[in-house]
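Colleague: Predicted structure and sequence below. I'll ask about it afterward.
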Amino acid sequence: TKADLGVLGLGVMGAMLALNFADNGKFNVGLFNRTVEKATRLKTDNPDLAERLHPSETLEDFVASLATPRVIVLMLSAGSAVDEQIAQLQPLLEDGDIVIDAGNADFNDTRRRNALYDGTGLHFVGMGVSGGESGARHGPSIMVGGSAEAWTRLKPLLEPIAAKYDGSPCIDWLGTDGAGHFVKTIHNGIEYADMQMIAEIYAILRDGAGQGAGDIGAVFADWNTRGLSSYLIEITASVLKEVDAETGKPLVDFIVDEAGQKGTGRWSVIEAQKLGIGATALEAAVAARCVSAARAMRLTAAGIYDDIPVESGVFGATAADIAELESALEIAKIVAYAQGYAVLDAASKEFGWDLPMGEIARIWRAGCIIRSVLLQDIMQAYAGGAKVENLLLVPAFADRIKAGQGALRKVVAKAAAAGIPVPALSSALAYFDDLRRARGAANLVQGQRDYFGAHTFRRLDRDGVFHHIWPEA
Ligand code: 6PG
């Protein structure tokens, strides 16, 4: 018997996806990896699924082992590895075959690869997969891009392996070419913002309120029962409560404070900038990871500025203090999601995808890293295909923001007074304040632009475009 589909690239994510196909889909899965042993080992290591796992030793055998028209899932490191693999596969494929890139690809690459397949009779599908290792194995959230025709064929293969929310699979076709990978990129930008804002609250509790990791973990565990309930808050509580086996002290206190990043968060803000959308909380989160990574320089700076200590007594840890932080985080999180959605909306128009915004919230409710109860509310905001210019303009969110913005303001102000950096929280607040300001300060920027570059400006009291003859400086 031929395999129902093939998985190529059996690193952690690829291996887990292959097992998921065999287990939850009951599919026969062809396996291929450049290091052949990885494919054979996956079979021997999983005796309960072995009858449905079919490793091949060569790329030719792998392709030949698949039922036609074929479905091949690539799970490779983003970049040139994908291009090389596509080139190697090309002569072996036939009309109707579908190649899926399930890695974290730059959507610009996905668009380019789609164009490459145009007119060949082959289909290229860029598919965002979220949920880390365990998600890939037991049910990720899946964001599919590509042709509608490819989706019709893929749906029965992919739905069984996707996460389920109230029984419905967290997967959908979101649009042509790079739509799936673009949405995954913005998912990751929001993921970065979410993580950074949680870390900022942690810093306040640690450095401002003098709380230990275990106690802070308990705070997050409590928050996880309400409005902030989410996977990231849940794992934050677990990370903070974890004790180092050797020392008996909180493990988190031993972890070097340098954040890594593989690129997707950065891409999300690059694309936001290209589209002319201010996604400041996402930007701040990416930048904060960059600053964190310059640890040696930070240590030098800490020596130079050690006479400016963190002000004690600004933050406390009473129930009221903790509730204020909870509200602040909730509001900032809504702002970050609103920014992410604004980028999606702009991209949808720019690339002609017609992204189903409510549907994106629906498929993010389970399986993915940013799954949270907030997504249920976002889904509701788009119910019935409602057109939303910005989530902060939706009455249900406006009510919540009116109730909680004071807390965010106090937390940001206190953090500034104490000397605790909260770049993502403060960016979220500034964005909100900018957004709700009928008369901004860009009139002055326009005056400056016109002064030195004759860039012209418009007037409030008259139609038309004006250039003023300014006095010489
Ligand atoms: C997911 C995650 C995942 C992410 C990696 C690495 O949705 O499962 O977003 O795909 O890319 O965890 O992210 P960084 O190394 O950039 O933090």
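Modeller: Arrived safely, thanks for sending.
Colleague: tell me which parts of the stretch 1-150 of the chain are close to the ligand?
Modeller: For the stretch 1-150 of the chain, the residues in contact with the ligand (Cβ under 6 Å from any ligand atom) are 104, 130, 131, 132. Heads up, the C-betas are built off the backbone N, CA and C, glycines and all.
Colleague: which of these lies closest to the ligand?
Modeller: Within these, distances to the ligand taken as Cβ to the nearest ligand atom reach their minimum at residue 130, with 3.1 Å.
Colleague: Spell out which residues sit in contact with the closest one, please.
Modeller: 140, 141, 142, 143, 184, 187, 188, 364, 367, 368, 369, 370 (Cβ atoms under 8 Å, 6 or more residues apart in numbering).
Colleague: now do residue 60
Modeller: residue 92.
Colleague: Now the residue nearest to the spatial centre of the chain. Nearest residue, chain neighbours left out?
Modeller: Closest residue to the average C-alpha location of the chain: residue 188 at 1.5 Å, with Cα atoms, centre = their mean. Closest residue in space to residue 188, ignoring its immediate chain neighbours: residue 264 at 3.8 Å, by Cβ to Cβ, 6 or more residues apart in numbering.
Colleague: Residue 281 too?
Modeller: residue 336 (4.0 Å).
Colleague: about what we covered before: restricted to strands, list the residues of the stretch 1-150 of the chain next to the ligand.
Modeller: Among these, DSSP state E puts residue 130 in strands.
Colleague: thinking again about what came up before, where does the residue nearest to residue 281 fall, helix, sheet strand or coil?
Modeller: Here residue 336 is recorded as helix under DSSP: H, G, I helix; E, B strand; the rest coil.
Colleague: Give me the distance between it and the ligand.
Modeller: Per Cβ to the nearest ligand atom, to the nearest Å, residue 336 is found 15 Å from the ligand.
Colleague: same question, residue 396
Modeller: Counting by Cβ to the nearest ligand atom, the gap from residue 396 to the ligand is 27 Å.
Colleague: Could you pull up the residues touching that residue?
Modeller: With contact taken as Cβ under 8 Å, 6+ apart, residue 396 is in contact with 377, 380, 381.
Colleague: for the second one, what are its contacts?
Modeller: By Cβ under 8 Å, 6+ apart, the contact list for residue 380 reads residue 396.
Colleague: element containing it, please.
Modeller: Residue 380 belongs to helix 374-381 when elements are defined using DSSP states H and E.
Colleague: what's the spacing between the next helix or strand after that helix and its chain's center?
Modeller: Scanning forward in sequence from helix 374-381 by DSSP H and E, the next helix or strand is helix 395-418. Distance, stretch centre to chain centre, for helix 395-418: 24 Å (Cα atoms, centre = their mean, to the nearest Å).
Colleague: before we move on, what about stretch 226-241?
Modeller: Centre-to-centre, stretch 226-241 and its host chain are 17 Å apart (Cα atoms, centre = their mean).
Colleague: what do you get for stretch 80-100?
Modeller: Taking mean C-alpha positions (Cα atoms, centre = their mean), stretch 80-100 and its chain are 27 Å apart.
Colleague: Flag every buried residue along that stretch.
Modeller: Using 16 or more other Cβ atoms under 10 Å as the test for burial, stretch 80-100 gives 82, 85, 86, 89, 93, 97, 98, 99, 100.
Colleague: quick one: contacts of that stretch?
Modeller: For stretch 80-100, contacts defined as Cβ under 8 Å, 6+ apart pick out 8-9, 59-60, 63, 68-74, 76, 101, 103, 105, 109, 113, 116-117, 121-127, 146, 150, 153-154.
Colleague: How about stretch 191-211 and the ligand, touching?
Modeller: Yes - applying Cβ under 6 Å from any ligand atom, one finds stretch 191-211 in contact with the ligand at residue 191.
Colleague: For the residue in the stretch 351-473 of the chain that the ligand sits nearest to, pull up the helix or strand it's in.
Modeller: Nearest residue of the stretch 351-473 of the chain to the ligand, counting by Cβ to the nearest ligand atom: residue 369, 4.2 Å away. When elements are assigned from DSSP H and E, residue 369 belongs to no helix and no strand.
Colleague: Identify the residue nearest it in space, chain neighbours excluded?
Modeller: Nearest non-adjacent residue to residue 369, counting by Cβ to Cβ, 6+ apart: residue 191, 5.1 Å away.
Colleague: Name the helix or strand for the one you found, please.
Modeller: Taking DSSP H and E as the definition, one finds residue 191 inside helix 179-203.
Colleague: That helix to helix 374-381, inter-axis angle?
Modeller: With axes from the mean of the first three to the mean of the last three Cα atoms, to 10 degrees as the basis, helix 179-203 and helix 374-381 are set at 130 degrees to each other.
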